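[1] Next comes the sequence, and after it the predicted model I'd like to discuss.
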Amino acid sequence: MNHVKIVGTGSCVPDNIVTNHQLSQWVETSDEWIQSRTGIQERRISNGITATEMGAQASLKAIEMAGITPSEIELIIVATMTPDNYLPNAACDIQKLLKAEKAVCFDLNAACSGFVYAYNVATQFIKTGTYKTALIVGTEIMSKLVDWQDRGTCVLFGDGAGAAVLQKSDTEGFVKMEMGSDGTMSDALKCKTKSLNNPFVNKNNESEYISMDGQDVFKFVCSTIPNNILSLFENTNYSINDVSHFVLHQANKRIIQAVAKRLDVGIEKFFMNLEYYGNTSAASVPIALDEINRQKKLKEGDLIVISGFGGGLTWGSALIKI
Ligand code: ACO
């Protein structure tokens, strides 16, 4: 089996910054409520840029860092639940903008776990020798799915994109992954697509906005993710103490603190940038990965954990050697 390394990262967020104070002019909320419950101070909200455009810009930065040309990319997987179109998929649209003409392109929807799922899927193709170079992207325009009159959800989310280039390698990169899903808990976090509207049925009055039971989601993450992360070390030569950085889905500061506590790992090892972007769903892990990478905090040989969790319910983590 081949080894797989991350050789480039990139990210792109909209220029438009929306602070908690601005939100408090639109819905009944306050900076104090939002910061104390979530840690979020501001988020980026698209004032025109699309999921495809952000994904392509993040990809170009990752490609540049990897030192490859777009025509070397054989696989593009885009993790998103907010694509610009039902068809074509976002991966084909990004392929077109990048001129990555040799790539096989598909989207993957695992909500906020999407980027980690995309990493794990692309890794399997490279490990088995099917492809040598893959581009994985998480891109979301969450502001499309949010009801801007629902203070329970609109304060949480933001727009953004992140990307990574993965390549076949002679040295260990991908170490292990663990994923899970539980469709019986789907009501905890959901959002319908267009309603059924044909000559036989018209359900046009159904809500198309995100709804969430915040406390159920909180409990799910705290009871699932610590064990999911611990299982990464079973049957390996590594222990959790060997990990330099934990890059978790940036949903909520209190969730990350609770996971760190349950794992008995210092919070300083858990990268956080949710203060500035809010919850960008499938984009949050690759944006965080790109920031930590560009801050030169990742050294060759470092062990990191990436971990995503969200609607479905879905969750997944991977242990990676830089
Ligand atoms: N501003 C002010 N008050 C608010 C707001 C707001 N933005 N939103 C809700 N409230 C009110 C509620 O109406 C309620 O008022 P009431 O007591 O008069 O009925 C009160 O605050 C408490 O509401 P709760 O929903 O119980 O608040 P809670 O303390 O649970 O915090 C939160 C809500 C932050 C969503 C929390 O449940 C949480 O962190 N959940 C995790 C879910 C999460 O992070 N989801 C992100 C998406 S999922 C994912 O990415 C995995």
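    Everything's here; your move. Residues are numbered from 1 along each chain as shown.

[2] What is the neighbour count of the closest residue to Asp213 other than its chain neighbours?
    In space, and not counting its chain neighbours, Asp213 is closest to Ala188: 4.9 Å by C-beta to C-beta, 6 or more residues apart in numbering. C-betas here are computed from N, CA, C, even on glycine. Using other C-beta atoms under 10 Å, Ala188 has 21 other residues around it.

[3] Check whether Ala188 really touches Asp216, as I assumed.
    Yes: using C-beta atoms under 8 Å, Ala188 is in contact with Asp216, at 4.3 Å.

[4] ok, the residue in the chain that the ligand sits nearest to to Asp15 distance?
    The nearest approach of the chain to the ligand comes at Gly214, 2.6 Å away (C-beta to the nearest ligand atom). Note on Gly214: its distance to Asp15, by C-beta to C-beta, to the nearest Å, is 29 Å.

[5] Please apply the same query to Pro88.
    For Pro88, the distance to Asp15 - C-beta to C-beta - is 27 Å.

[6] Settle it for me: which of those two has more neighbours?
    Comparing Pro88 with Asp15 by neighbour count (other C-beta under 10 Å), the higher total belongs to Pro88, at 15 against 10.

[7] Let me know the secondary structure of that one.
    Secondary structure for Pro88, judged by DSSP: H, G, I helix; E, B strand; the rest coil, is coil.

[8] List the pairing partners of the host helix or strand of Leu319 within its sheet, with orientation.
    Using DSSP states H and E, Leu319 sits within strand 314-321. In the sheet, strand 314-321 lines up against strand 174-181 (antiparallel), strand 303-310 (antiparallel) (DSSP bridges).

[9] Return the most buried member of those.
    Most buried of the strands paired with strand 314-321, by mean neighbour count (mean count of other C-beta atoms under 10 Å): strand 303-310, with a mean of 26.

[10] Who does Lys5 form a beta bridge with?
    Applying DSSP bridges, one finds that Lys5 bridges with Gln167.

[11] Quick check: the gap between it and His249.
    Distance, Lys5 to His249, using C-beta to C-beta: 22 Å.

[12] Looking at the two, which has the bigger crowd around it?
    With other C-beta under 10 Å as the criterion, Lys5 and His249 differ in neighbour count, and His249 comes out ahead with 31 against 21.

[13] spatially speaking, which residue is in the middle of this protein?
    Taking C-alpha atoms, centre = their mean as the criterion, Ala282 is the residue nearest the geometric centre of the chain, at 2.6 Å.

[14] any weak-confidence spans in this structure?
    Applying pLDDT under 70 to the chain picks out no residues at all.

[15] what does it have sitting close to the ligand?
    For the chain, the contact set with the ligand under C-beta under 6 Å from any ligand atom comprises 29, 33-34, 37-38, 112, 151-152, 155-156, 189, 212, 214-215, 217-218, 251-252, 254-255, 279, 309-310.

[16] Show me how to select, in ChimeraX, the buried members of the residues you listed.
    Filtering the residues of the chain next to the ligand down to the buried ones (16 or more other C-beta atoms under 10 Å) takes a single ChimeraX command:
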select :29,34,38,112,151,155,156,189,212,217,218,251,252,255,279,309,310
